[in-house]
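Asks: Predicted model and sequence follow; I will ask about them next.
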Amino acid sequence: LKARYPNPMSYFGIALILISLVSSSHAGARSKIVLDSGHQPSTGPEGGATGVCGQKEYVYNDQVVEALAQALRAEDVILTRKKGETLVAENPLPEWKANPSLFVRAAMANQQKADFFLSIHHDSVSGLHLIQDKKECSGKGGLKLDPAFRKKYQFGYNIFVNRNAPKTVFAQSIRFATLLANALKKMGRVPSTYHVFPDDDCKSCVAIDSKLGIWSQDLAVLRTIQMPGVLLEVGVIVDSDDEKKVNSDAFRKKMAQAVSKAFKIYFRSP
Ligand SMILES: [Zn+2]
C-alpha cells in the first residue's frame, strides 16, 4: 500500500480542506486528533528501530495506533498512515529533502487544523550498548542491553515535547503529557531515564520532568506541527523485558484506554 501526498499547496490540499469544511458542519463536540504511526514499511532505517528478535519498529507502532483509533472512536481521529501503508511525498518542498515522510505527517496535521498531534514510536538505545545474545528469542539469537548500561538506567516509556514551540502550544503539550504520564504510571509503566548524552547520542534531549518521563527533543514532526502535540515512546524494544511487556494485544488495549482517558480530561477540562 502506498499513499502519495503532493505538497500542501497543491489541489489535493485544497480538496482536503473542502472535505474537512463539509465534515466539520456535523462534527459537534468531537476533537480532531491526528494519530501518527512512526516510520513505515521497510527493512532498512525507514522502518525505525529493530526489536530484540528483529521485528521492525513500524510494526509495533502500527499495532498501537490500531488499538488507539479503536479506543478514541468518540473523537475525530485522522491517521497519517494506515497499517502497512507507506507515505510518499510527491514534489517535496526543498526543506523536506532530508526526510519527506516526516514533513508529510506534520503537513497533514496542519492542513487538517488538528486539535492535537500524537506520534507513536517505540524506543531503542545507542548501538554501543547493544550486544548479540545467542540465547535470546528462543535460542534463535537476538539483541540484549549491555548489563552495565541496563543497571545504570530505567527502561520503559518516554513522552517527548518541543520546548521551543510557541508558549501556549508548549503549555498545552505539557498539560497532555502530564495527564498521559500519570495514566501510564497508574498502569504500572516506568519512565525511561537513559536519554542522557553521551550514554545516549541525543544531544537535544532535555529532561523536563524525569519522574514523569517527560522530555524535550528537537524532532522534525514536533518542530513542524502548528498545534499541541507529543511523541510517545511506548516502550524500549531492544530490552527483552520491556519488549515482552509492551508487545501484546492485552497491553495495547489497556494502554489505549489510558490514552483515551487522558484525552477526555484534556479536551473536556482545559
Ligand atoms: Zn521511532
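Replies: The structure has been received and is ready for your questions.

Asks: make it CA atoms for all contacts and neighbour counts henceforth
Replies: Fine.

Asks: what does the average pLDDT come to for stretch 43-53?
Replies: Averaging pLDDT along stretch 43-53 gives 92.

Asks: Only the buried residues of that stretch, if you could.
Replies: Applying a neighbour-count criterion of 16 or more other CA atoms under 10 Å, one finds 46-53 buried in stretch 43-53.

Asks: Need the contact partners of that stretch.
Replies: Defining contact as CA atoms under 8 Å, 6 or more residues apart in numbering, one finds that stretch 43-53 is touched by 38-41, 56-58, 122-124, 136-137, 141-144, 237-240, 243.

Asks: My read is that residue 31 contacts residue 76, right?
Replies: Yes: contact criterion CA atoms under 8 Å: residue 31 and residue 76 qualify, at 5.6 Å.

Asks: can you tell me which of the contacts of stretch 43-53 are in strands?
Replies: When DSSP state E defines the strands, the subset of the contacts of stretch 43-53 inside them is 122-123, 142-144.

Asks: ok, and the most crowded of those residues?
Replies: Counting neighbours by other CA atoms under 10 Å, residue 122 leads the ones in strands among the contacts of stretch 43-53 with 29 neighbours.

Asks: that older thread, list buried residues within the contacts of stretch 43-53.
Replies: Counted by 16+ other CA under 10 Å, the contacts of stretch 43-53 give 38-41, 56-58, 122-124, 142-144, 237-240, 243 as buried.

Asks: In TSV, list the buried residues of stretch 43-53 along with secondary structure and distance to residue 263.
Replies: Listed next are the buried residues of stretch 43-53 as TSV, based on DSSP: H, G, I helix; E, B strand; the rest coil; distance: CA to CA, whole Å:
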residue	secondary structure	distance to residue 263
46	helix	29
47	helix	28
48	coil	26
49	coil	27
50	strand	30
51	coil	29
52	coil	31
53	coil	33
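
Asks: So which residue is smack in the middle of this protein?
Replies: Among the residues of the chain, the one closest to the centroid is residue 120, at 2.1 Å (CA atoms, centre = their mean).

Asks: helix, strand or coil for that residue?
Replies: Under DSSP: H, G, I helix; E, B strand; the rest coil, the three-state class of residue 120 is strand.

Asks: That one against residue 36, yeah?
Replies: Yes: the pair residue 120 / residue 36 is scored as a contact, 6.0 Å apart, by CA under 8 Å.

Asks: any shared contact partners between those two?
Replies: In contact with both residue 120 and residue 36: residue 65, using CA under 8 Å, 6+ apart.

Asks: Mind jotting down where the helices sit in the stretch 101-250 of the chain?
Replies: All helices of the stretch 101-250 of the chain, identified by DSSP state H, counting those that start in this stretch, fall at 147-152, 167-186, 220-224, 240-246, 249-268.

Asks: quick one: stretch 113-127 to chain centroid distance?
Replies: How far stretch 113-127 lies from its chain's middle: 2 Å, per CA atoms, centre = their mean, to the nearest Å.

Asks: Can you give me the end-to-end span of that stretch?
Replies: 38 Å (CA to CA, to the nearest Å).

Asks: With stretch 51-61 instead?
Replies: End to end - CA to CA - stretch 51-61 spans 12 Å.

Asks: what do you get for stretch 30-48?
Replies: First-to-last residue span, stretch 30-48, CA to CA: 32 Å.

Asks: Distance from the chain centre to that stretch, please.
Replies: 7 Å.

Asks: buried residues in stretch 61-70?
Replies: Buried-residue list, stretch 61-70, by 16+ other CA under 10 Å: 61-69.

Asks: what mean pLDDT does that stretch have?
Replies: Stretch 61-70 shows a mean pLDDT of 98.
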